[in-house]
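**Q** Whatever this is, show me its structure:
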Amino acid sequence: MVEVERDTAVSKLEVEGLTIRYGETVALKDVSLDVRPNEILGIIGPANSGKTSFLRAINRMDEMTDGMHVSGRIALDGTDVRRWRNVYALRRRIGVVFPLPVGLPLSIFDNVALSPRLRGVHDRASLEEIVERCLTRAALWDEVKDRLHSLGSLLSGGQQQRLTIARALSQEPDLLLLDEFSIAVDPVTTMRIEDILKELREEMTIILVTNLVQQARRLADRTAFFLKGDLVEVGPTEDLFMRRVRDRRTTDYLEGRFG
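**A** Have a look, this model is predicted:
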């Protein structure tokens, strides 16, 4: 297990001894790290390193995944996520965006307004303000403002991904989990969303899984390197990219020698 500097007094998320298995296959082994309030933590590493499984465990998605078993401790603001009696209340605090868009069979407006309605917001003017704000933050408002009542599923793939981001933001989460969000988004829009994520750091904590190491460098305050289910190391992003690393494998990955 990698040694990490811990400061639980200022941790938004504390992960201790996290191990994830799918049947007999170990996806993640004894991972411990802290995520600080209002930081962007980047997670990099090649395929099958356990990055997505890490995000799924935070949101208790193992409970919906056959054969996925999680052990260890994950605490949000000091409370073990496994001790939340209402998992839906937990998930309202944790927004998630996966690599490919998962649109609901609803209008663009209703996709974004769903979460506010579930938490009791029904005033039309309030809903319209939330929808516009979230679509603007997801760099989508100008493209859809004249067709908000069209089905979200009729949007292009990149637009649907931005709609998914807007829907996650409408939850007003404390923690935002992004898993390869830019796979379905063109480079120009990707840069626009990156600018928005930098602004959102003022309001929430963000964990960004990316296979684009330069994206981690642009966005992340600290970066963790996962490899074959191990947390190799975690530290200030510039330290990793300036090769001030503890493990040669980190440098090899950043320089493209594998992955």
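**Q** Could you report the separation of the closest residue to Thr19 other than its chain neighbours from Arg246?
**A** What sits nearest to Thr19 in space, not counting adjacent residues and going by C-beta to C-beta, 6 or more residues apart in numbering, is Ser71, at 4.9 Å. (Each C-beta comes from the backbone N, C-alpha and C, glycine too.) Ser71 is 26 Å from Arg246, where distance means C-beta to C-beta, to the nearest Å.
**Q** more neighbours, those two?
**A** Comparing Ser71 with Arg246 by other C-beta atoms under 10 Å, the one with more neighbours is Arg246, at 15 against 11.
**Q** Find me the pLDDT at the spatially closest residue to that one that is not a sequence neighbour, would you?
**A** Of all residues not flanking Arg246 in the chain, Glu233 sits nearest, at 5.0 Å (C-beta to C-beta, 6+ apart). Looking at Glu233, its pLDDT stands at 95.
**Q** now Glu233: how far from Tyr253?
**A** According to C-beta to C-beta, Glu233 stands 11 Å off from Tyr253.
**Q** Overlap in contacts, those two.
**A** Residues touching both Glu233 and Tyr253 by C-beta atoms under 8 Å, 6 or more residues apart in numbering: Phe225.
**Q** need the contact list for the spatially most central residue of the chain.
**A** What sits nearest the mean C-alpha location of the chain, by C-alpha atoms, centre = their mean, is Leu177, with 1.5 Å. Going by C-beta under 8 Å, 6+ apart, Leu177 touches 55, 58-59, 94-97, 206-207, 209.
**Q** list the contacts for Phe241?
**A** 217, 254.
**Q** so the residue nearest to the centre of the chain bridges to which residues?
**A** Beta-bridge partners recorded for Leu177 (DSSP bridges): Val96, Ile207.
**Q** Give me the neighbour count for Tyr253.
**A** Tyr253 has 23 nearby residues by other C-beta under 10 Å.
**Q** swap in Glu24?
**A** Using other C-beta under 10 Å, Glu24 has 6 other residues around it.
**Q** Relative to Leu231, how far out is it?
**A** Relative to Leu231, and taking C-beta to C-beta, Glu24 is found at 21 Å.
**Q** try Arg117
**A** Distance, Arg117 to Leu231, using C-beta to C-beta: 39 Å.
**Q** What of Leu240?
**A** 13 Å.
**Q** Now do the helices in this protein.
**A** Here the chain has its helices, by DSSP state H, at 51-58, 87-93, 108-118, 124-137, 141-144, 157-170, 187-200, 213-219, 237-241, 248-254.
**Q** ok, and for the last one, which residues are buried?
**A** Along helix 248-254, the positions that meet the burial threshold by neighbour count (16 or more other C-beta atoms under 10 Å) are 249-250, 253-254.
**Q** who's in contact with that helix?
**A** Helix 248-254 is contacted by residues 44-46, 213, 225, 227, 232-233, 240-241, 243, 245, 258-259 when judged by C-beta under 8 Å, 6+ apart.
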